[in-house]
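K.L.:
The amino acid sequence is not available; the structure is as follows:
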């Protein structure tokens, strides 16, 4: 959007507006740009960390174990969150088991925009 202003004096002279100021309104939610492990990865050591990277900075108060879940349910803690990256740590994972990570739309960027859609990825732990 471009915002321009003009003034009118007491004699009804109207100022010619200048070039104005351009303002960008951010309305789109963040997108997951990558994950570690990657979607479909196999042979992942049990109880590994899970790293999620977004294309923009996230509101870490909304990136938690309620908005980022794992199934089947196991121990699941957010280890860190800063900028556009969050790290979660699993515990109690079984070997040779597929786990689905689901990121809810309630995870928001720093502008308060929710993700455009639910994001999920799957990985399988290694045989021991």
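P.N.:
Arrived safely, thanks for sending. None of these values were measured; they are calculated from a predicted model.

K.L.:
in the chain, which ranges drop under the pLDDT threshold?
P.N.:
Segments of the chain classed as low confidence (criterion: pLDDT under 70) are 25-26.

K.L.:
those strands in it, which residues are they?
P.N.:
Counting by DSSP state E, the chain forms strands over residues 2-3, 21-22, 32-36, 49-54, 68-71, 75-82, 85-91, 98-103, 119-124, given from the N-terminal end onward.

K.L.:
Dump those strands to JSON lines, plus distance to residue 110 and mean neighbour count.
P.N.:
(Glycine included, C-beta is placed from N, CA and C.) Converted to JSON lines, these look like this (distance: least, C-beta to C-beta, whole Å; neighbours: other C-beta atoms under 10 Å):
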{"stretch": "strand 2-3", "distance to residue 110": "23", "mean neighbour count": "9"}
{"stretch": "strand 21-22", "distance to residue 110": "21", "mean neighbour count": "9"}
{"stretch": "strand 32-36", "distance to residue 110": "16", "mean neighbour count": "15"}
{"stretch": "strand 49-54", "distance to residue 110": "10", "mean neighbour count": "18"}
{"stretch": "strand 68-71", "distance to residue 110": "17", "mean neighbour count": "17"}
{"stretch": "strand 75-82", "distance to residue 110": "12", "mean neighbour count": "14"}
{"stretch": "strand 85-91", "distance to residue 110": "13", "mean neighbour count": "17"}
{"stretch": "strand 98-103", "distance to residue 110": "16", "mean neighbour count": "17"}
{"stretch": "strand 119-124", "distance to residue 110": "18", "mean neighbour count": "18"}
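
K.L.:
List of residues touching stretch 81-93?
P.N.:
30, 33, 46-58, 60, 63, 65, 68, 70, 74-80, 99, 101, 125 (C-beta atoms under 8 Å, 6 or more residues apart in numbering).

K.L.:
how much space is there between the residue nearest to residue 120 when sequence neighbours are not counted and residue 5?
P.N.:
Distance criterion C-beta to C-beta, 6 or more residues apart in numbering; nearest residue to residue 120, sequence neighbours excluded, is residue 102 at 4.6 Å. Taking C-beta to C-beta, to the nearest Å as the criterion, residue 102 is separated from residue 5 by 47 Å.
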